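In: give me a 3D structure for the following:
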Amino acid sequence: MRTTSYGIIAVVIFLLGLGVGFFLWGLRSAELQRAVRRERAECEERVAEATRRAQAAEQRIEQEVRARRVVEDALNRVSPQK
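Out: Numbers count the residues shown, from 1 in each chain. The predicted structure follows:
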């Protein structure tokens, strides 16, 4: 009888330990999910900023190319290369 009760107590303690372990694991999992979401948002923000900077650079290049063409056309009118 004593062995059976010790066995049952050991199983109950084991199950309680598993329950507490799963609970703590769930808390840690939730914390990790929040951290991943935060890092993802930061990465998306950095990508968006890099995209904006790249688009601004492309626009500046296009403006410089147009300005260069205007200057070259004016120069060719003043002194033709041909």
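In: which stretches of the chain form helices?
Out: 2-78 (DSSP state H).
In: can you list the low-confidence ranges for it?
Out: 82 (pLDDT under 70).
In: if we use 80, what do you get?
Out: 81-82 (pLDDT under 80).
In: now do the residue of it positioned farthest from its centre against Gly7, distance only.
Out: Most distant from the centre of the chain: Met1, at 59.7 Å, with distances by CA atoms, centre = their mean. To Gly7, Met1 is 11 Å away according to CB to CB, to the nearest Å. Using the backbone N, CA and C atoms, a C-beta is placed for each residue, glycine as well.
In: Ile13 too?
Out: 11 Å.
In: could you do Glu58 as well?
Out: Distance of Glu58 to Gly7, given as CB to CB: 74 Å.
In: again with Glu62
Out: Counting by CB to CB, the gap from Glu62 to Gly7 is 80 Å.
In: same thing with Glu42?
Out: According to CB to CB, Glu42 and Gly7 sit 52 Å apart.
In: again with Leu18
Out: Distance from Leu18 to Gly7, by CB to CB: 17 Å.
In: swap in Asn76?
Out: 100 Å.
In: then Gly17?
Out: 16 Å.
In: off-centre distance for stretch 22-34?
Out: 20 Å (CA atoms, centre = their mean, to the nearest Å).
In: ugh, wrong one, stretch 56-69
Out: 31 Å.
In: got the CA coordinates for that stretch in PDB?
Out: Taking C-alpha atoms only, stretch 56-69 is exported to PDB below (Å, rounded to 0.1, in the frame of the first residue of the first chain):
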ATOM      1  CA  ALA A  56      15.500  59.900 -53.600                       C
ATOM      2  CA  ALA A  57      18.900  59.100 -55.000                       C
ATOM      3  CA  GLU A  58      17.400  57.800 -58.200                       C
ATOM      4  CA  GLN A  59      15.300  61.000 -58.500                       C
ATOM      5  CA  ARG A  60      18.500  63.100 -58.000                       C
ATOM      6  CA  ILE A  61      20.300  61.200 -60.700                       C
ATOM      7  CA  GLU A  62      17.400  61.700 -63.100                       C
ATOM      8  CA  GLN A  63      17.400  65.400 -62.400                       C
ATOM      9  CA  GLU A  64      21.200  65.500 -62.900                       C
ATOM     10  CA  VAL A  65      20.900  63.700 -66.200                       C
ATOM     11  CA  ARG A  66      18.200  66.100 -67.400                       C
ATOM     12  CA  ALA A  67      20.300  69.100 -66.400                       C
ATOM     13  CA  ARG A  68      23.300  67.600 -68.100                       C
ATOM     14  CA  ARG A  69      21.300  67.100 -71.300                       C
END
